[in-house]
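Asks: for reference, the sequence and a predicted model appear below.
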Amino acid sequence: MRHRKKGAILGRKLGPRRSLLKNLAASLVLYEKVRTTEAKARLVRPYVERLITTAKQPTLAHRRQLLAKLPGEGPVKKLLEVLGPRYQDRRGGYTRTVKLGTRVGDQARVVQIEFI
């Protein structure tokens with residue numbers, strides 16, 4: 001039974017869904033804005049918000065937590081050196097989604113998720 005289990009499935013098994021989430025979050029951290037579908041943006045938004053909250057305190061333990069949740073050192077370094085200090089005095093709400101319309105091929109709703 002699937003009672004009280006949150007989160008979209010996105011038509012994928014658990015492993016591919018986790019890797020999609022990690023890679024989308026890493027792209028958002030590196031490029032600071034990403035065009036994707038509305039469902040994926042809704043799924044990645046709280047994930048990225050937690051990462052930024054963790055990056056506000058640049059300790060070794062937080063670096064290791066971020067390394068476990070992101071692929072590679074590049075996004076972690078940017079989180080700790082750029083984005084963490086940028087949002088130091090902000091209590092939340094680091095991202096916004098802007099609706100861009102629908103995609104031509106499959107009529108999926110496309111949004112742009114970006115940092116404020």
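Replies: All right, it came through fine.
Asks: would you map the helices across this protein?
Replies: 14-31, 38-55, 60-69, 74-78, 84-86 (DSSP state H).
Asks: now render the ones you listed as a markdown table, adding mean neighbour count and distance to residue 102.
Replies: Just so you know, the C-beta spots here come from the backbone N, C-alpha and C atoms, and that holds for glycine as well. What follows is these, written out as a markdown table (neighbours: other C-beta atoms under 10 Å; distance: least, C-beta to C-beta, whole Å):
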| stretch | mean neighbour count | distance to residue 102 |
| --- | --- | --- |
| helix 14-31 | 16 | 20 |
| helix 38-55 | 18 | 10 |
| helix 60-69 | 14 | 31 |
| helix 74-78 | 18 | 29 |
| helix 84-86 | 16 | 32 |
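Asks: of all the ones you listed, which one is nearest residue 100?
Replies: helix 38-55 (9.6 Å; C-beta to C-beta).
Asks: check which helices and strands the closest one sits against.
Replies: Counting contacts by 3 or more C-beta pairs under 8 Å, 6 or more residues apart in numbering; DSSP states H and E, helix 38-55 is packed against helix 14-31, helix 60-69, strand 95-102, strand 109-115.
Asks: what angle do that helix and helix 14-31 make?
Replies: 70 degrees (axes from the mean of the first three to the mean of the last three C-alpha atoms, to 10 degrees).
Asks: name the residues that touch helix 38-55?
Replies: Residues from elsewhere that reach helix 38-55, judged by C-beta atoms under 8 Å, 6 or more residues apart in numbering: 7-8, 10, 20-21, 24-25, 28-29, 36, 62, 65-66, 69-70, 79-80, 83-84, 87, 92-95, 97, 99, 108-111, 113.
Asks: output the helices and strands packed on helix 38-55 in JSON lines; the columns should cover distance to residue 43 and mean pLDDT.
Replies: Shown next, in JSON lines, are those (distance: least, C-beta to C-beta, whole Å; pLDDT from 0 to 100):
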{"stretch": "helix 14-31", "distance to residue 43": "6", "mean pLDDT": "96"}
{"stretch": "helix 60-69", "distance to residue 43": "14", "mean pLDDT": "96"}
{"stretch": "strand 95-102", "distance to residue 43": "12", "mean pLDDT": "96"}
{"stretch": "strand 109-115", "distance to residue 43": "10", "mean pLDDT": "97"}
